[in-house]
Every structure is written in C-alpha cells, then in structure tokens.
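**Q** 3D model of this:
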Amino acid sequence: MQNTSTDSAYLRLEKRFTRMARLGDAQSILGWDEAVMMPAGSSAARNESLAELAQILQDLLRAPEVADDLAAAEGEALSEWQRANVREMRRRYKRATMIPADLHRQLMMACMECEQAWRRLRGENNWKDFAPLLDKVLQLSREELKILAADQKLSLYDAALEHFSPGLRTEVVDRIFGELRGFLPDLTREILQRQQTHQKIEGEFPVEAQKTLAKHFMQRLGFSFENGRLDESHHPFCGGTQRDVRITTRYNTSEFLSSLMGVLHETGHALYEMNLPLDWYGQPVGQSCGMAIHESQSLFMEMQVCRSREFVELIAPEVQRSFAAHTRHREALDVDNLTRVVQHVERGYIRVDADEVTYPSHIILRYELERGLVEGSIQVNELPGLWNEKMQSLLGLSTLGRDNDGCMQDVHWPGGAFGYFPAYTFGAIIAAQLFSALQTDLPQVRERIRQGEFAEIQAWLRAKIWSQGSRLDTLALVQQAAGPLSVAPFRRHLEARYLK
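**A** Residues are numbered from 1 along each chain as shown. So this is what the prediction gives:
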C-alpha cells in the first residue's frame with residue numbers, strides 16, 4: 001500500500017503508537033472497572049467490549065503499512081531513544097502479526113472466562129470445575145508460545161519469560177534459583193530459631209481508618225491523588241494508566257498491617273508508572289522495562305523501605321493515633337513490637353502473605369510447575385498432587401484437599417500469565433541490589449526514611465530506573481544502575497535484618 005503522508009516513516013509510526021496507547025489506556029481503565037466496580041451480571045458484555053478493543057489494537061498494529069514503515073525507519077538517522085523505540089515497536093509488531101487473530105481472540109476470551117470463574121471457584125475450593133477452564137487457557141497459551149518460540153529461536157518457556165521480563169532466560173533463572181536453594185533452607189531455619197516472639201495485634205480496625213492511614217503514607221512516599229486512586233478488589237493490584245494510576249487493596253477488620261503493607265507495595269508499582277519518561281508517553285520505549293523491574297520497584301518500596309525499622313519508627317505515631325482505641329493491647333502498637341510483626345518470618349500457604357525470607361520458595365515452586373505446564377511435561381490434572389509434593393519439600397506444608405490454598409490461589413495462570421512468577425523473586429533480588437547501591441550513593445538513606453524524607457530516594461530511582469523506560473532490557477538496566485545481577489546483596493540484606 002502506497003503511503004502518501006509527508007511524515008517520515010518513523011514519525012508515522014510514532015503517531016500510530018500514540019493512537020494505540022490512548023486506546024490501550026481506555027482498555028486498562030475498563031479492565032480496572034471490571035475487577036473493582038462492575039456488576040457481576042455485566043461480565044459477558046464487558047468481555048465483548050474488551051475483546052473488541054483488543055481487536056482494534058491488533059488491527060492497527062497489523063496494518064500492512066506498518067511493516068514498510070518499520071523497515072524504512074530502521075534505515076533513518078535516529079537518536080538512541082528513537083532506535084530503541086523502533087526496536088520495541090518491531091517486537092510488538094512481530095508478536096501481533098505472528099499470532100493469528102482468531103487465536104489471539106480465543107485466548108483472550110478463555111482468560112477472561114477462566115479468571116472470572118476463578119474468583120468464585122477458588123472460594124468454593126472447586127478444583128473439578130476450574131481445571132477444564134485452566135486447561136483451555138494453557139493449551140491456547142502453548143499454541144501462542146510455540147509460534148513465538150520458533151521465530152525467536154527460544155524454548156517455549158524462554159518465550160514466556162521474554163514476554164514479561166525481556167532478556168531473562170531459563171539458564172539465568174536456574175542459576176539464581178539454584179543459589180537461593182543453596183542457602184535459604186538453612187538461613188530460614190536459623191531465623192526461625194532466633195526470631196523473637198511478638199505480641200499479636202488484636203482488635204477491630206475500621207476500614208475507613210485503614211484507608212485514611214494508607215492514603216497518608218502513599219502520599220508521603222510520593223503518590224499523587226491528582227493522578228490516581230485507591231480502591232478495593234478481590235486481588236490487590238496496580239492498574240490504570242501512567243496518568244491515571246489505580247491501586248487496589250482488600251481490608252480485614254481484624255488486622256490492618258497486611259493491607260497497609262500491600263498498599264505500600266502497590267505504591268512502588270504506581271511510582272514507577274507515574275515517573276516513566278513523559279517525553280516518551282504513548283511510545284513503547286517509554287513504558288516499563290518488564291515485570292522483573294516492575295516488581296523490583298514494588299519490593300524496593302515494601303521490603304527495603306517500608307518493612308525497615310526506620311520506617312516503623314516513622315509510622316508508629318500515626319498507627320497509634322489511628323488504632324490505639326481499637327486494639328485490645330495498646331502496647332502491641334509500640335515500635336519494637338510493630339517491627340517484630342512486620343518482619344515476622346513464618347512458613348505459610350499463601351504467596352501474597354509470605355514474608356521475604358520464605359517468599360522465594362513459593363516462587364521456585366510455581367516456576368518449576370509452570371515450566372512443566374508450558375513445556376508439556378506436566379498436565380493440568382496433575383497440579384494438585386505435584387503442588388502438594390513441592391509445598392511439603394520446600395515449606396514443610398501439605399495442601400491436600402485445600403486447592404484454594406494451593407494451585408488455585410493465584411490469578412496469574414487463569415489470566416494466561418505463564419512466565420510471570422520468576423519476576424517476583426528477581427524483583428526482590430534486584431530491589432536489594434538497588435538499595436545497596438543507593439546506600440553507597442546516599443549513606444544517610446536510613447535516616448532519611450526515619451524522618452519521612454523520600455525526595456532523594458525518589459530522585460535516585462528516577463535517575464536509575466524510572467526515567468529509563470524500556471531503553472534497555474532487564475539485565476542491562478540492572479547492570480547500568482547497580483552492576484551485574486547478583487544474589488549477594490539479597491543474602492546480605494536478609495542476614496542483616498534477621499540475624500543481627
């Protein structure tokens with residue numbers, strides 16, 4: 001097709017991707033509404049609307065002239081950022097054009113059906129009705145991955161990793177997880193033996209008071225309510241758009257710290273989105289650098305900052321003002337006890353409730369299972385038994401008869417997000433490495449946290465991570481910011497926090 005525009009090929013591509021980004025923003029807000037506010041009876045219509053938007057985006061990306069413009073743009077004199085933008089455009093174009101439109105639509109519809117059913121069936125511990133829906137998502141996902149893997153000359157699972165954490169490969173995951181397996185079991189046992197007991201925080205903690213406290217510290221960390229919201233959902237997440245960031249949480253009136261820490265975790269995601277380079281808004285290179293980096297930002301904020309003794313000293317007065325009248329034992333809200341509570345280590349069933357010491361074991365379990373699912377060595381109907389075996393091996397717990405606390409507990413597989421899970425533990429490792437580098441550049445960082453002064457921390461993250469968009473892949477961005485990826489800072493962090 002002849003293009004009569006006077007723009008250069010690169011500028012034509014920029015305009016196309018800007019238009020796509022605006023449609024994608026609408027898609028994101030509809031997705032947030034579906035998870036947070038939409039009436040249950042509206043799901044079928046919403047699925048059709050989201051599928052239609054997805055089809056429009058696919059059509060824009062798959063248009064015949066895009067291939068010509070990409071080829072021409074790659075020959076133009078471009079800046080480093082523009083070249084990186086064209087690279088990311090081509091990555092998306094290849095994915096869109098290689099996957100048949102019918103397969104894309106089938107997978108999207110299967111994921112929406114499975115995820116919506118999961119919300120109900122998990123509560124019923126109903127694996128029997130859930131398994132066929134999950135199997136359909138898996139089979140369609142494998143069809144998609146086979147196409148991508150063949151083109152990229154990758155294994156099926158490496159193709160899945162590439163989608164969520166560009167540049168990350170199975171050999172790196174195996175090496176890093178092997179190092180974790182080498183020291184975490186003994187470290188966990190030592191921590192549990194030496195851990196001081198804490199007084200349980202008991203009472204009835206009103207949702208509105210929890211929400212007010214969460215919003216206060218979201219703002220202290222840098223979240224802008226001029227461009228974002230805090231709401232409730234079945235599963236906490238950060239969604240929306242760069243200019244309209246939506247955080248969700250869930251509240252429990254019998255305790256408040258899990259919700260508060262969950263909100264602060266999602267605030268880390270939100271700060272990354274809010275501070276991506278505005279000059280590249282709407283362009284692929286201006287978007288986040290995959291989920292391992294995204295998780296590093298949420299875990300940097302939650303684990304490195306907000307679960308530190310210094311941050312507890314900051315929040316304790318506000319916690320006491322908010323909840324002293326609602327707790328049975330006021331002394332449970334003092335700094336020492338609050339620190340022991342937020343740094344408590346315990347083997348448990350639920351990934352999202354796990355502490356930072358046992359959390360990697362939850363991820364290693366999922367990695368080994370989903371890799372088998374993707375590569376075909378594990379079938380969906382084998383999941384409950386295999387999950388139980390690995391849970392007993394890694395954490396000493398049995399999930400027999402309680403699949404809702406086992407292989408049904410996460411939203412990722414129902415949503416087709418195979419290859420996502422390693423990002424969580426890689427995020428924790430990267431977060432520790434970034435905080436170690438930050439301490440070198442800003443030795444007084446812990447005192448800044450104690451005083452509630454986060455501007456310098458934000459500025460450092462903005463320079464090293466937030467402003468970089470997708471200019472580099474996962475491992476290259478880590479190396480530029482803090483040196484080659486290493487487990488050592490994560491291990492030092494755990495030992496310093498829990499054994500000293």
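**Q** And residue 328, how close does it get to residue 135?
**A** In this structure, residue 328 and residue 135 are 47 Å apart, going by CB to CB, to the nearest Å. For glycine as for every other residue, the C-beta is placed from the backbone atoms N, C-alpha and C.
**Q** Kindly apply the preceding question to residue 388 instead.
**A** According to CB to CB, residue 388 stands 19 Å off from residue 135.
**Q** Could you do residue 250 as well?
**A** 28 Å.
**Q** Comparing those two, which shows the higher neighbour count?
**A** residue 135 (17 against 13; other CB atoms under 10 Å).
**Q** Can you verify that one is assigned to a helix?
**A** Yes: under DSSP: H, G, I helix; E, B strand; the rest coil, residue 135 falls within a helix.
**Q** If you count neighbours, what's buried in whichever helix or strand residue 108 is part of?
**A** In this assignment (DSSP states H and E), residue 108 forms part of helix 101-121. Residues 104, 106-118, 121 are the ones in helix 101-121 that count as buried (16 or more other CB atoms under 10 Å).
**Q** cool, stretch 342-351 as well?
**A** 342-343, 345, 347, 349, 351.
**Q** If we only consider those, which is nearest to residue 176?
**A** residue 351 (18.0 Å; CB to CB).
**Q** So for that closest one, what's the nearest residue that isn't a sequence neighbour?
**A** residue 362 (4.2 Å; CB to CB, 6 or more residues apart in numbering).
**Q** Quick one: find the helix or strand in this structure with the lowest mean pLDDT.
**A** Least confident helix or strand, the chain: helix 43-62 with a mean of 91, by mean pLDDT, DSSP states H and E.
**Q** what's the distance between residue 350 and residue 64?
**A** Residue 350 is 49 Å from residue 64, by CB to CB.
**Q** no no, residue 11
**A** Residue 11 is 18 Å from residue 64, by CB to CB.
**Q** Settle it for me: which of these two has more neighbours?
**A** residue 11 (15 against 8).
**Q** Check what pLDDT residue 5 gets.
**A** Note for residue 5: predicted pLDDT of 66.
**Q** Does residue 13 touch residue 68 like I think?
**A** No: contact criterion CB atoms under 8 Å: residue 13 and residue 68 do not qualify, at 10.4 Å.
**Q** if you count what's nearby, which of these two comes out ahead?
**A** Using other CB under 10 Å as the criterion, residue 13 and residue 68 rank with residue 13 on top: 25 against 15.
**Q** Over to the more buried one: give its phi and psi.
**A** phi -60, psi -40 (degrees, to the nearest 10).
**Q** Look up the pLDDT of it for me, please.
**A** For residue 13, the predicted pLDDT is 98.
**Q** Next: residue 299.
**A** Predicted confidence (pLDDT) for residue 299: 97.
**Q** Which residues are in contact with it?
**A** 265, 268, 356, 424, 427-428, 431 (CB atoms under 8 Å, 6 or more residues apart in numbering).
**Q** Look up how far residue 445 lies from it.
**A** The value you get for residue 299 to residue 445, if CB to CB is used, is 16 Å.
**Q** Next: residue 286.
**A** Using CB to CB, residue 286 is found at 28 Å from residue 445.
**Q** now swap in residue 341 and tell me
**A** For residue 341 relative to residue 445 (CB to CB), the value is 23 Å.
**Q** With neighbour numbers in mind, choose between the two.
**A** Neighbours were counted for residue 341 and for residue 445 using other CB under 10 Å; residue 445 has more, 22 against 18.
**Q** Could you verify my assumption that the more buried one touches residue 434?
**A** No: taking contacts as CB under 8 Å, residue 445 lies outside contact range of residue 434: 11.3 Å.
**Q** pLDDT at the closest residue to residue 125 other than its chain neighbours, what is it?
**A** Leaving aside its chain neighbours, residue 125 sits nearest to residue 404 (4.3 Å; criterion: CB to CB, 6+ apart). For residue 404, the pLDDT comes out at 97.
**Q** Help me confirm that residue 404 is found in a helix?
**A** Yes: under three-state DSSP, residue 404 sits within a helix.
**Q** For it, grab the count of nearby residues.
**A** 19.
**Q** now do residue 321
**A** What residue 321 shows, counting by other CB under 10 Å, is a neighbour count of 12.
**Q** what does residue 386 give?
**A** 18.
**Q** Please identify the helix or strand for it.
**A** helix 383-395.
**Q** ok, residues contacting that helix?
**A** Contacts of helix 383-395 (CB under 8 Å, 6+ apart): 127, 131, 347-349, 358, 361-362, 364-365, 368-369, 372-373, 378, 397-400, 403, 406-407.
**Q** Same question for stretch 122-138.
**A** 107, 110-111, 113-114, 117-118, 121, 373-374, 380-381, 383-384, 402-404, 407-409, 413-416, 418.
**Q** Residue 348 contacts residue 354, correct?
**A** Yes: here residue 348 reaches residue 354: they are 5.9 Å apart, a contact under CB under 8 Å.
**Q** Give me the below-cutoff pLDDT ranges for the stretch 51-200 of the chain.
**A** Within the stretch 51-200 of the chain, no range satisfies pLDDT under 70.
**Q** Would you map the strands across the stretch 201-350 of the chain?
**A** Assigned by DSSP state E, counting those that start in this stretch, the stretch 201-350 of the chain shows strands spanning 228-232, 238-241, 244-249.
**Q** And the average pLDDT for the second one is what?
**A** The average of the pLDDT scores along strand 238-241 is 94.
**Q** send the alpha carbons of that strand over as PDB?
**A** What follows is strand 238-241, C-alpha atoms only, in PDB (Å, rounded to 0.1, in the frame of the first residue of the first chain):
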ATOM      1  CA  CYS A 238      -1.900  -1.700  40.400                       C
ATOM      2  CA  GLY A 239      -3.500  -0.800  37.100                       C
ATOM      3  CA  GLY A 240      -4.900   2.100  35.100                       C
ATOM      4  CA  THR A 241      -2.500   4.300  33.100                       C
END
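**Q** any idea which helix or strand comes after the least confident helix or strand of the chain?
**A** helix 64-73.
**Q** and the residue positioned nearest the centre of the chain, what does it touch?
**A** In the chain, the residue lying closest to the centroid (CA atoms, centre = their mean) is residue 295, at 4.7 Å. Contacts for residue 295 were tallied using CB under 8 Å, 6+ apart; they are 423-424, 426-428, 430-431.
**Q** Now tabulate the residues you listed in TSV and tack on distance to residue 455.
**A** Below are the contacts of residue 295 laid out as TSV (distance: CB to CB, whole Å):
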residue	distance to residue 455
423	28
424	28
426	28
427	24
428	25
430	22
431	19
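**Q** In helices, which of the contacts of helix 383-395 appear?
**A** The members of the contacts of helix 383-395 that map onto helices under DSSP state H are 127, 131, 361-362, 364-365, 368-369, 372-373.
**Q** Closest one to residue 213 out of those, please.
**A** residue 362 (27.5 Å).
**Q** That closest one reaches residue 353, doesn't it?
**A** No: counting by CB under 8 Å, residue 362 stays clear of residue 353, with 9.8 Å between them.
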